[in-house]
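# I would like the atomic coordinates for the input below:
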Amino acid sequence: MKSSLKSSLLFQIFLFSFLPLKIIASPRAQAEALIQWKNSLLFSPPSLNSWSTDNIGNLCNWTSIACDSSTGMVSEINLNSASITGSVAQFNFTPFSNLTCFDLHNNSLVGSIPPTIGSMCKLTYLDLSNNGLVDIVPVDIGQFAELQYLSLFNNNLNGSIPYQVSHLQKVWYLDLGCWDFSQRNGEKSEGR
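Alright, predicted model coming up:
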């Protein structure tokens with residue numbers, strides 16, 4: 001009997017090992033990701049002092065963060081005109097699949113927009129305007145099925161606009177102004 005029970009248990013473990021694992025975000029994982037990003041910034045203002053490991057249990061009270069009251073998960077990150085300097089490429093988007101608003105406009109963010117930005121599948125508002133973002137916009141931007149507001153205005157983006165932007169059926173505001181169309185994706189023009 002013990003042998004049969006042991007065999008049955010081993011068989012069940014074997015079967016479960018083939019099931020895909022679903023990574024579930026938690027408020028703690030989100031807090032850790034935000035702290036890690038803040039620590040990677042070249043400059044973060046004193047207003048982000050609430051983003052700390054000492055205050056990890058109070059994520060919903062952090063500056064520029066709004067949470068869904070039913071889940072305690074971050075629903076909005078609003079850092080517009082926050083005087084942050086650094087890279088959005090260092091941001092870990094994975095724990096923020098339920099984020100609805102990501103507003104980083106009017107800061108000093110540089111570097112490329114990472115393809116992982118597409119993991120925020122519930123996003124309705126994305127504003128990365130008035131920064132120093134460069135290179136091409138990742139095609140993953142077309143994965144925002146709920147997106148209504150998109151502004152990438154006044155960055156140093158170049159190349160063609162990804163055709164995947166046409167998949168954004170709910171967008172009512174789209175600002176891609178100040179785009180360098182003279183370069184093909186990934187090419188650098190002379191003198192830059």
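
# Next, name the residue at the spatial heart of this protein.
residue 93 (3.8 Å; Cα atoms, centre = their mean).

# Distance check, it against residue 110.
18 Å (Cβ to Cβ, to the nearest Å). For the C-beta atoms, the positions are set from N, CA and C on the backbone; glycine is no exception.

# just residue 145 next, same as before
29 Å.

# likewise residue 158?
Residue 158 is 14 Å from residue 110, by Cβ to Cβ.

# now do residue 32
Counting by Cβ to Cβ, the gap from residue 32 to residue 110 is 24 Å.

# what's the answer for residue 71, then?
Counting by Cβ to Cβ, the gap from residue 71 to residue 110 is 33 Å.

# Of these two, give the one with the bigger neighbour count.
residue 110 (17 against 12; other Cβ atoms under 10 Å).

# where does that one land in three-state SS?
strand (DSSP: H, G, I helix; E, B strand; the rest coil).

# Now do stretch 73-80: distance to the chain's middle.
10 Å (Cα atoms, centre = their mean, to the nearest Å).

# Ok, stretch 59-71 next?
For stretch 59-71, the distance to the chain centre is 16 Å (Cα atoms, centre = their mean).

# Show me what counts as buried in it.
59, 60, 62, 64, 65, 67 (16 or more other Cβ atoms under 10 Å).

# Stretch 124-135: end-to-end distance?
23 Å (Cα to Cα, to the nearest Å).

# Can you pull out the residues in contact with it?
80, 88, 100-113, 144, 146-159, 170, 175, 186 (Cβ atoms under 8 Å, 6 or more residues apart in numbering).
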